[in-house]
Structures are given as structure tokens and as C-alpha cells.
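the sequence and its predicted three-dimensional model are supplied below.
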Amino acid sequence: MSAAPLAPARTAITRTAYWTRLLPLLAALACATRLPSFVRPLWNPDEGYLAVEARLLAQGGQLYDTVVDRKPPLLPWLYEAAFALCGSGSLTPLRILAVLAQLLTAVTLASLARRHWGDRAGRTAGVLYLLVSVGLNPEDAQAAGFEVFILPWTAAAVWCADRGRWGAAGAAVAAAFLTKQTGGAVLLPVLWLLHRRGAVRASLPRLTAAFAAPVLGAALLTDPAGFLFWTVTGSAAYAGLSGSARHILGRALANTALLAAASAGLLSPLARALRDGRARVAEGWLWMWLASSAVAVAAGCHFFGHYYLQLLPPLALLATAALHARPGRPRRHLTAVLTSGCACALFVGWGLLAPRPELAHAERLAAAVAHRTAPGDRVLVWGIHPETYWLAGRTPATRYLTAGLLTNYSGGRDGSRVGEAYAVPGAWPVFRRELATHAPALIVDDSRGKPYAPARLPTLRALLASGYTEAARVDGAVLYARAPGPPGAAP
């Protein structure tokens, strides 16, 4: 008679012991796989853009007004909070948060796998995810960028939906969307689970309200019209299909090949799952998650490497499901983990040892800018590397931190769709007004032969001709100093 009351306690002890053993392993693995992220001051222009945004917001800037970006506000706010607590001179706090984000994602996937396929599957899912999480160019995999911070929210959304917690699932989808628009793609597997459980009529209103409330709150905290424009309606040209098809296809194939190499240990079990019709039906929510993530990767036809990170959680779970669907075959499980571990070691080594020539260029350029200007001066860096502002410690002369917003230049765009006519609607009048109000002490032409060079832009060419003279050159970038004139005169 005394055995029955002790059963729940034993279950709780077993659950605690499981996570007590697994969490340290996943934490150590998360730290090891992201070790390269700490060896560079920054990894890509996205980090530079966020760092400059955070500094401007700390100085009183208003998001989607005097500080603009095509992304939702959650990550700029996170950068701003980290800078407020730890200072704005280093991204190390964000690197630590990225490690925590990857750890949370792995733990959530482990919990999902354990619920469906058992304790061993939980360990497999968490370990496999972390091993493949760095399987891209280090500037994509190691940066503290948007996709890394999407992943815990997307995994949490599926975890909550799998347990029928529709309000929490809707809030997690909203958080993913507010980190980056493509994070909202996880809504599809959530709706799939809602439909499969027959809870559409009873729970869809709760899911919808939980999603809508944070999104509306973010819009009200910023500027509703600006939020809608910059995150949805104003990005049509960026998300369009125009551009160099060969360049786009080459990037898509290269990043797909990198991810395939990193996921070599997952490919065999995934192939078996594809051949097994029963597995495809049984794990429909997983296949829907993978399909929605693939759509998010392909949206806009840019195929940047960091976009591919959204594929990794469903891939890791599908491979885990295939490995544990038929028990008694530990050799396949061990092969998958060892193969993934070897691939992971190669990618971590790449991150630790590979040179970053664009970062070296930005650092030299920032040193030149800092040398030729005073701390209170405003400068204009005409290029696609906003990190120059952050490295130099100088305030931008305009809210448009890259030439891309004013010319539609981005990866895969050729010269035929780059120019003033393809800018974000209304950007050039604002740009001219800002430069008239705050004439930059220094203009840096960092186009280096790209299609957005000043020679192809009448407004910028006229500005340089009327009020600036060439002062120096750094690695192909041209520095223009303001020509002497009456005090307070604008060029």
C-alpha cells in the first residue's frame, strides 16, 4: 500500500537525474562549438548594423524613425540592453547570449525528442543539433545574428504546440517573428499540430490573440506606421526576384553543400525516413516544420548562409526520429554522432583559423576615419559595412547605415536593378535633408567598384563635387574631407 504514493516521487527523481546528466553535456558542447565566435570583434555586417543601431538608440534615437532597419525590433533592443549593462565597445555579451540561445534550442529539441522517442533520443537530438549548428561559413554560423536568436523561439513554439499549450505557442511564434520576419514560418507546424489535435475551433482564438498581442505591442512601442513599413511593406524590392541568377544560384548551391557536409551524419537516417512512408505520415509536424523553414530560407532568393540555420532544428529531430524508430541498432546511432562530431571539428577549426579580410579592411578604414575626425563629428560611410561606424566610434550622418537601403544593392543584385530609382521609397529626400542639416565632416566611398559607386548616383556625385575634396585612400576606399568654407555652411 505504501508503494503507490512513492511512484510520482520516483518519476520526478528520474526526470531530474536525466536533466542533471544531460544539461552539463549540452552546455559544454554549446560552449565548444561557439568558441570561434569569441576570437573576432565581429563576424559580419549584420552584427555591425545591430551594434550601430544599439548605440543610436541609446543616444535617444527612435526605431523606424531616426534609426531604421528592415528587421523587427527584438534584436536591436537586445543589443541596446546588453550595451547599457556592459558597455558598447565589445560584442562579448552578445556572444554569451548566443551560446545560451543555442543551448536553449538544444534543450528544447531534446525534450521534444524524449517525449516522442524516449530518453536516448532526447540525448541524441540535443547533441546532434549542437554538432551541426556550426556547419556553415563561420561568418554565418558564429555571428550573434538574427537567425541564432530565432531558433529558441521556433523550438519553443513547436514544444508548446506539441503539448497543447496554444497561448504559449502563439507568444513564441510572435517572438520569433519579432526577431526576424521569417521566424513566423514556424506558425505552419503549429497550425498543423492544432489541426491534428482537433482543437481548431476551441484554441485558434487563443493562439491568434497570443500571437497578435506582442506584435501589436511592439508596433505601439515604436511607431506603428514605421513598424509596418520597415518590416513588411517597404521591403518589396529587397525581397523581389530580380538580380543575377547565376550569382544567386551559386550562393544557394555553395551554402547547401556546406550544410550537407556538416550534416553528413544525418543524411543516411534522413534518407531512410524519406523511404519509409509510415514515418513520413507519423511525423507530419516535423516534415511541415522542415518545409516551412525551407520556404523561409528561399524567401527573397538571397540564400545567405545564416538563413540556413532555420533548417537545423527540424533536420536534427528528423534524423533522431529515424535513428530511434527501430531500436536495437546502436551502431547507426554511434556512426551518426561520430560523423557529425568530425564535421563539427572541421568547421570549428575553420572558424578559429580562417582569416577575415573584410574585417581587416573595416578595421583599417575605421582607424583612418577616427584619425581624421573628432569624436563629435558625423561621418558618412558609403558602403555595405556599417561596422566601420562602430569600430571608429563615430556617429552616422544619416539614418541609412548602408548603401543598400538607398540603392537596393544586396547580395545577388546586379547593376541593372541598383540605383537611386530602386531605393527604399522616400529615402533620398530624407537623405538629402539629413546631409544638409548635419553635413558630414568626412565621407568615405567604400564602394570599391560595386554597382552603387558614386559615379552612378547623381545626388551623391553632386554632393562630393560641390563640397568635398579627396583626402586619402585606404585599401581602395576613398576618403573625402569637407572643403574649407564659411563657418556653419553646408555643402
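Yep, it's here. Just so it is clear, the structure is predicted and the values come from calculations on it, not from any experiment.

contacts only, for the residue nearest the centre of the chain.
With the centre of the chain defined as its mean C-alpha position, the nearest residue by CA atoms, centre = their mean is residue 146, 2.2 Å away. Listed by CB atoms under 8 Å, 6 or more residues apart in numbering, the contact partners of residue 146 are 46, 71, 75, 179-180, 306. All C-beta spots, glycine's among them, are computed from the backbone N, C-alpha and C.

could I get the residues you listed as CSV with distance to residue 167 and pLDDT?
Formatted as CSV, the contacts of residue 146 follow (distance: CB to CB, whole Å; pLDDT from 0 to 100):
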residue, distance to residue 167, pLDDT
46, 32, 93
71, 26, 94
75, 24, 97
179, 19, 97
180, 22, 96
306, 30, 93
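
top of the residues you listed by neighbour count?
Ranked by the number of neighbours (other CB atoms under 10 Å), the contacts of residue 146 place residue 179 first, at 26 neighbours.

which outside residues touch the helix or strand containing residue 436?
Using DSSP states H and E, residue 436 falls within helix 427-437. Outside helix 427-437, the residues that touch it by CB under 8 Å, 6+ apart are 380, 397-400, 405-406, 420, 459, 463, 490-491.

and the buried ones among those residues, selectable in ChimeraX?
Here is the ChimeraX command that selects the buried residues among the contacts of helix 427-437 (16 or more other CB atoms under 10 Å):
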select :380,397,398,399,400,405,406,420,463,491
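
mind putting the contacts of helix 427-437 into CSV with secondary structure, distance to residue 207 and pLDDT?
Formatted as CSV, the contacts of helix 427-437 follow (DSSP: H, G, I helix; E, B strand; the rest coil; distance: CB to CB, whole Å; pLDDT from 0 to 100):
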residue, secondary structure, distance to residue 207, pLDDT
380, strand, 46, 96
397, coil, 45, 95
398, coil, 41, 95
399, coil, 36, 95
400, coil, 37, 95
405, helix, 34, 92
406, helix, 39, 93
420, helix, 44, 90
459, helix, 47, 92
463, helix, 51, 91
490, coil, 53, 48
491, coil, 54, 45
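
let's see which of the contacts of residue 146 end up in strands.
Applying DSSP state E to the contacts of residue 146, no entry is found in strands.

residue 256: which of those residues is nearest?
Relative to residue 256, the closest of the contacts of residue 146 is residue 306; by CB to CB it sits at 13.7 Å.

what sits against that closest one?
Residue 306 sits next to 44, 46, 136, 140-141, 143, 145-148 when contact means CB under 8 Å, 6+ apart.

from those residues, which single one is nearest residue 195?
After measuring these against residue 195 - CB to CB - the closest member comes out as residue 147, at 27.3 Å.

excluding its backbone neighbours, what's nearest the closest one?
Spatial nearest neighbour of residue 147, excluding adjacent residues (CB to CB, 6 or more residues apart in numbering): residue 309 at 4.0 Å.

can you work out which other helices and strands pack against the helix or strand encompassing residue 379?
According to DSSP H and E, residue 379 maps onto strand 378-382. Strand 378-382 sits against helix 357-372, helix 387-392, strand 395-396, strand 442-445, with contacts defined as 3 or more CB pairs under 8 Å, 6 or more residues apart in numbering; DSSP states H and E.

in its sheet, what does that strand sit against?
Applying DSSP bridges to the sheet, strand 378-382 is found paired with strand 395-396 (parallel), strand 442-445 (parallel).

excluding its own residues, what touches the first one? List them.
Just to be clear, that refers to strand 395-396. 52, 56, 59, 376-381, 386, 389.

please name the bridge partners of residue 63.
Judged by DSSP bridges, the bridge partners of residue 63 are residue 67.

what segments of the stretch 151-300 of the chain are helices?
Per DSSP state H, counting those that start in this stretch, the stretch 151-300 of the chain carries helices over the ranges 166-179, 187-196, 200-221, 224-231, 245-262, 264-275, 277-282, 284-298.

export the ones you listed as JSON lines, with columns for distance to residue 477.
Converted to JSON lines, the helices of the stretch 151-300 of the chain look like this (distance: least, CB to CB, whole Å):
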{"stretch": "helix 166-179", "distance to residue 477": "32"}
{"stretch": "helix 187-196", "distance to residue 477": "43"}
{"stretch": "helix 200-221", "distance to residue 477": "37"}
{"stretch": "helix 224-231", "distance to residue 477": "28"}
{"stretch": "helix 245-262", "distance to residue 477": "23"}
{"stretch": "helix 264-275", "distance to residue 477": "40"}
{"stretch": "helix 277-282", "distance to residue 477": "53"}
{"stretch": "helix 284-298", "distance to residue 477": "32"}
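
and the ones you listed, which one averages the lowest pLDDT?
When the helices of the stretch 151-300 of the chain are compared on mean pLDDT, helix 277-282 scores lowest, with a mean of 58.

how far away is residue 275 from residue 287?
14 Å (CB to CB, to the nearest Å).

looking at those two, which is more packed in?
A count of neighbours by other CB under 10 Å puts residue 287 above the other of residue 275 and residue 287, at 19 against 10.

burial count for residue 449?
Residue 449 has 6 nearby residues by other CB under 10 Å.

got the phi/psi numbers for it?
phi 90, psi 0 (degrees, to the nearest 10).

stretch 317-333: how far from the chain's middle?
Put simply, stretch 317-333 sits 31 Å off its chain's centre (CA atoms, centre = their mean, to the nearest Å).

that should have said stretch 304-314, apologies.
Remark: stretch 304-314 is offset 9 Å from the chain centroid, using CA atoms, centre = their mean.

for it, buried residues please.
Neighbour counts using 16+ other CB under 10 Å place 304-314 of stretch 304-314 among the buried residues.

cross-check the contact I'm expecting between residue 135 and residue 261.
Yes: assessed by CB atoms under 8 Å, residue 135 is found in contact with residue 261 at 6.8 Å.

higher neighbour count, these two?
Taking neighbours as other CB under 10 Å, residue 135 and residue 261 compare with residue 135 leading, 25 against 14.

one step back: find residues that contact each of residue 135 and residue 261.
Residues touching both residue 135 and residue 261 (CB under 8 Å, 6+ apart): residue 343.

so what's the nearest residue to residue 354 once chain neighbours are set aside up against?
If the residues on either side of it in the chain are set aside, residue 354 comes closest to residue 138, at 6.4 Å by CB to CB, 6+ apart. The contact partners of residue 138, by CB under 8 Å, 6+ apart, come to 36, 43, 347, 350-351, 354.

quick one: mean pLDDT for stretch 48-66?
95.

go on, stretch 98-115?
On average, stretch 98-115 scores 97.

got the CA coordinates for it in CSV?
Presented in CSV, the C-alpha positions along stretch 98-115 are these (Å, rounded to 0.1, in the frame of the first residue of the first chain):
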residue,chain,number,x,y,z
ALA,A,98,24.2,33.4,-28.5
VAL,A,99,25.7,30.4,-26.6
LEU,A,100,22.7,30.5,-24.3
ALA,A,101,20.3,30.7,-27.3
GLN,A,102,21.9,27.6,-28.9
LEU,A,103,21.8,25.8,-25.5
LEU,A,104,18.1,26.6,-25.0
THR,A,105,17.4,25.3,-28.5
ALA,A,106,19.2,22.1,-27.9
VAL,A,107,17.5,21.5,-24.6
THR,A,108,14.0,22.2,-26.2
LEU,A,109,14.8,19.7,-29.0
ALA,A,110,16.0,17.1,-26.5
SER,A,111,12.7,17.5,-24.6
LEU,A,112,10.7,17.1,-27.8
ALA,A,113,12.6,14.0,-28.8
ARG,A,114,12.4,12.5,-25.4
ARG,A,115,8.7,12.9,-25.3
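
distance of residue 88 from residue 68?
Separation of residue 88 from residue 68 (CB to CB): 19 Å.
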